[in-house]
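Participant: 3D model of this:
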Amino acid sequence: MLEQNNSYWNTIQKYLGTILDMINDPVIIIDKEGTIIYINEGYELQVGVKRERLLGRNLNKRYPNDKLLQVLRKGELIKNEEHFNETLRYNVVASFLPIKDDKGETIAVAGIGNTPPVYKLNVRLSPILSISQDKQSQNITRDNIPPAFRNIVGEAPKLLNCLSLSAKVAKSDATVMLRGETGVGKELLARAIHDASKRRDHPYVAVNCATIPENLIESELFGYSPGAFTGARASGKVGKIEMANRGTLFLDEIGDLSYSTQVKLLRFTQERYIERIGGNNQIPIDVRIITATNRNLEQMVQQGEFRADLYYRLNVIPIHIPPLRERPGDIGLLAHYFLDYYCKKYDKKMGFSIEAMEYLQDYSWPGNIRELKNIIEHAVIICPGDTISPSHFNLMLNDYANIRDSSVLNLHQAIEYTEKTIIKKALEKAANNKSKAIEYLGISRGAFYDKLKKYKLDME
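Facilitator: This next block holds a predicted model:
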């Protein structure tokens, strides 16, 4: 009977992670050293950070007062207690279970939080969230993706998975937040979602929150009545939100909104009506909201720079757009796509040399697709013949080892290049023994393997 029970328990353990991922509430487990050893999807979604970035981190270093560590030290169970969360920087209700061995020593602590009501409501109204963007489907092809997304070039599984999720989201009116680095094509994807939606025949209005001065952003978004302030138009002005009525409002660089504007935007997302500046009329608005940012909103929430309640209202369906370095197979496709475009624009005929394509493939592309596009245009313009060689690219594309003037280096590129070089040297010194290399580097195992994957050193 004991052996049978052990067999049952071993089977259950195999599915335990899947079971915990089905829970909307966040679950986190730390070991006796204070290191994060487990995070479920609920925690991942609430915090807005992928678990791979959190696993292996030690709370003692950054959050010494975290409730998990307090329970680890005292070994006492806490049920449904409200406390200030060190990571999120606002109050949450959670339970903490000390996990003890046969000797009664606390060897781990599990924290289970109560998800904020707004977030739970979003989950119930948006079953599409159950789709994991990271679980790439081998069945996703261009044929499965609506024509509205055809202008987004690429065949990498990560990109196709992103487009597939976006196509599903387009069928609903759920609020979407596009996450990704500068230059990955967030506005292009926002427009595609609108064009694939039932609102396609109504306005698509885009607002870059970072380019509008703080003292003008409210009037741009909400409009104003005649004589609302000195210098206002005598006829008043219709705001961008009102202009987008029945269509889609795209708020790019949402993290750059001032705190006061965040308050007004939050009220609009709750009430779905606006009041123009200087006016008293409540104007009902039916609009689908898509936001985008390359900033760490979770950290901004922690630091009190971005409202947590607005974050939860806007982050209903997060879509992460992969950077170009994570889809190296698309670099050639995009390079030829832009080459054809600019050859037609400048009435030229040319191609890439083998060396030029190798340079493009080896570059890390911190500016992503926008940077690639600009570099190809630059090369087409200055190339006197019919073959583009490495010399026609910007200096930034040269091998770092051949660059003597460090002032031309982008900080992001320099850090990546240094990390990759040091990891390579550690592996060489350790005769490719990864455990020894981890010791030399002084980083966690999880961080080590993340960097191996990031720099594709596991393939070398």
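Participant: I figured Glu242 hits Pro284, correct?
Facilitator: No: between Glu242 and Pro284 there is no contact under CB atoms under 8 Å: 10.1 Å. To be clear about C-beta, it is placed using only N, CA and C from the backbone, and glycine gets the same treatment.
Participant: more neighbours, these two?
Facilitator: Neighbour tally, Glu242 and Pro284, criterion other CB atoms under 10 Å: the higher count belongs to Glu242, 19 against 9.
Participant: show me what the strand or helix carrying the more buried one is packed up against.
Facilitator: Secondary structure assigned from DSSP states H and E places Glu242 in helix 240-243. Counting contacts by 3 or more CB pairs under 8 Å, 6 or more residues apart in numbering; DSSP states H and E, helix 240-243 packs against strand 204-208, helix 214-222.
Participant: what residues of that helix count as buried?
Facilitator: Going by neighbour count (16 or more other CB atoms under 10 Å), the buried part of helix 240-243 is 240-242.
Participant: same question, stretch 274-290
Facilitator: 274-277, 279, 283, 285, 287-290.
Participant: lowest-confidence entry in these?
Facilitator: Scanning these for pLDDT, the low point is Gly279. It has 85.
Participant: for Arg272, see how far away the residue nearest to that residue when sequence neighbours are not counted is.
Facilitator: Using CB to CB, 6 or more residues apart in numbering and skipping the chain neighbours, the partner closest in space to Gly279 is Ser225 (3.8 Å). Ser225 sits 20 Å away from Arg272, going by CB to CB, to the nearest Å.
Participant: comparing the two, which residue is more hemmed in?
Facilitator: Ser225 (18 against 11).
Participant: these two touch, right, the more buried one and Ile274?
Facilitator: No: the pair formed by Ser225 and Ile274 falls short of the contact definition of CB under 8 Å, at 11.7 Å.
Participant: dump the buried residues of helix 240-243 into CSV; add distance to Asp309 and pLDDT as well.
Facilitator: Formatted as CSV, the buried residues of helix 240-243 follow (distance: CB to CB, whole Å; pLDDT from 0 to 100):
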residue, distance to Asp309, pLDDT
Lys240, 22, 95
Ile241, 19, 95
Glu242, 23, 95
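Participant: okay, those in CSV with distance to Gly183 next?
Facilitator: Listed next are these as CSV, based on distance: CB to CB, whole Å:
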residue, distance to Gly183
Lys240, 24
Ile241, 27
Glu242, 31
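Participant: need the helices for the stretch 151-300 of the chain, in chain order.
Facilitator: 157-170, 186-195, 214-222, 240-243, 259-271, 297-302 (DSSP state H, counting those that start in this stretch).
Participant: tell me which other helices or strands the third one touches.
Facilitator: Going back to what we said before, that points to helix 214-222. The helices and strands touching helix 214-222, judged by 3+ CB pairs under 8 Å, 6+ apart, are helix 240-243, helix 259-271.
Participant: winner for burial among those?
Facilitator: When the helices and strands packed on helix 214-222 are scored by mean count of other CB atoms under 10 Å, the highest mean neighbour count falls to helix 240-243 (a mean of 20).
Participant: list the buried residues in the host helix or strand of Ile331.
Facilitator: Assigned by DSSP H and E, Ile331 falls within helix 329-345. Buried residues in helix 329-345, counting neighbours by 16+ other CB under 10 Å, are found at 330-331, 334-335, 337-339, 342-343.
Participant: cool, and stretch 249-258?
Facilitator: Buried residues in stretch 249-258 (16+ other CB under 10 Å): 249-257.
Participant: same thing with stretch 343-358?
Facilitator: 343, 350, 352, 356-357.
Participant: how about CSV for those, with pLDDT added?
Facilitator: Output for the buried residues of stretch 343-358, formatted as CSV (pLDDT from 0 to 100):
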residue, pLDDT
Cys343, 94
Met350, 92
Phe352, 92
Ala356, 88
Met357, 88
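Participant: now, which of these lie within helices?
Facilitator: The helices, defined by DSSP state H, take in 343, 356-357 from the buried residues of stretch 343-358.
Participant: redo these as a markdown table? Include distance to Gln262.
Facilitator: Listed next are these as a markdown table, based on distance: CB to CB, whole Å:
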| residue | distance to Gln262 |
| --- | --- |
| Cys343 | 45 |
| Ala356 | 46 |
| Met357 | 45 |
